[in-house]
Every structure is written in C-alpha cells, then in structure tokens.
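In: build the 3D model from these lines:
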Amino acid sequence: MPYMAQEPTFLPLTVAAARSAAGQSGDSPSRASAQVVQRRAEEANAAAADCWTALLAGCDSPGRRALPSRLRALSQATSAYAGETWWTGTGAVHRRRVTEAEMRIGEAVRDGDGAEFAEAFVGYDQAVATVVVCARGSRGTTVTT
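Out: Below you'll find the model as predicted:
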C-alpha cells in the first residue's frame with residue numbers, strides 16, 4: 001500500500017499538552033478550559049497548514065488571512081486556562097514568549113517567508129505548550145510526560 005502523506009503539523013506539543021490537560025481528572029472548569037485550548041490549537045494548526053500551502057504556492061488564500069485570528073484565539077484560550085494571576089505573575093515570561101512568537105509568525109506571513117514561518121511556529125508551539133504544562137502544574141495537578 002502506498003504511503004499517504006499527512007497534512008503538516010505545526011502545533012504538536014501544544015495539541016498534546018492540551019489533550020493531556022483536558023483528559024486529567026480534576027475540577028471541571030479547568031478541564032473545560034483545557035478542552036477549549038485543545039480545540040483552538042487544532043483550529044490554529046489547520047489554519048497554519050492552509051497558510052503553509054499558500055506560502056509555498058506564493059498565493060493569498062483564506063487560510064493565510066485566517067491564521068492571525070486563529071493564533072489570537074489560541075493565545076487567549078491559553079491565557080484563560082493559565083488564569084490571570086499566573087499569566088500576569090509567575091507566567092509573565094511565558095506570556096511574553098507567546099506574544100513574541102505570535103508576532104514573528106505574523107511577520108513571516110506578511111513577508112511570505114516560509115522558512116521564517118516554520119521556525120517561528122517551533123517557538124510558538126514550545127511557548128504555548130510550556131504555558132499549558134506549567135499552569136497545570138501550578139494548580140497542583142500532577143504533570144506527566
């Protein structure tokens with residue numbers, strides 16, 4: 001049987017961390033918030049794949065235009081999951097990393113720079129996944145890897 005290529009994945013760490021957090025036992029508001037992060041991560045990942053295709057083709061597509069709003073939605077869901085106290089206190093360094101990486105992706109999309117786009121996504125994925133794991137750990141929930 002021939003190998004069937006899969007769609008590129010841009011947020012594997014974030015999707016996995018959010019899926020793990022959503023599957024943990026614990027208070028349901030926290031689990032529900034993690035499920036929102038997971039959904040937003042999957043939506044952002046799909047938009048990133050569409051954008052990547054448009055960048056490679058050198059065209060402007062709806063996916064390319066939708067990506068910034070999908071990333072904002074994921075960043076906002078991550079912020080809500082982390083909680084305002086953590087996000088503005090202990091997590092402030094992570095918040096800055098998320099924001100900077102999100103802006104770097106936006107610049108790469110505007111410039112049509114595929115290499116910068118891919119590199120920026122690595123940083124964004126790491127930053128958001130780190131927030132999910134650290135914020136979950138700060139709630140006293142057991143973090144497993």
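
In: flag every buried residue along the lengthiest helix in the chain.
Out: In the chain, assigned by DSSP state H, the helix with the most residues is helix 28-57. Neighbour-count burial for helix 28-57, with 16 or more other Cβ atoms under 10 Å as criterion, is recorded at 30, 33-38, 40-52, 54-55. Using the backbone N, CA and C atoms, a C-beta is placed for each residue, glycine as well.

In: ok, and what's touching the helix or strand where residue 102 lies?
Out: Assignment of secondary structure by DSSP states H and E places residue 102 within helix 92-111. Residues outside helix 92-111 that contact it (Cβ atoms under 8 Å, 6 or more residues apart in numbering) are 51, 55, 64, 67-68, 71-72, 75, 78-79, 82, 87-88, 114, 116-117, 120-121, 123-124, 127-128, 130-131, 134.

In: one more time with 6 Å, if that's ok
Out: By Cβ atoms under 6 Å, 6 or more residues apart in numbering, the residues outside helix 92-111 that reach it are 68, 71, 75, 87, 116-117, 120, 123-124, 127-128, 130-131.

In: among those residues, which pair sits farthest apart?
Out: 87 and 116 (27.0 Å; Cβ to Cβ).

In: more crowded one of those two?
Out: Neighbour totals were compared for residue 87 and residue 116, and residue 87 leads with 19 against 16 (other Cβ atoms under 10 Å).

In: wait, doesn't the more buried one sit right on residue 79?
Out: Yes: using Cβ atoms under 6 Å, residue 87 is in contact with residue 79, at 5.2 Å.

In: returning to what we had before: the longest helix of the chain to helix 92-111, inter-axis angle?
Out: 30 degrees (axes from the mean of the first three to the mean of the last three Cα atoms, to 10 degrees).

In: helix 28-57: what's the following helix or strand?
Out: The helix or strand immediately downstream of helix 28-57 is helix 62-82, counting by DSSP H and E.

In: remind me what that following helix packs against, helices and strands.
Out: helix 28-57, helix 92-111, helix 114-138 (3 or more Cβ pairs under 6 Å, 6 or more residues apart in numbering; DSSP states H and E).

In: and that helix, how far from the chain's centre?
Out: Offset of helix 62-82 from its chain centre (Cα atoms, centre = their mean, to the nearest Å): 8 Å.
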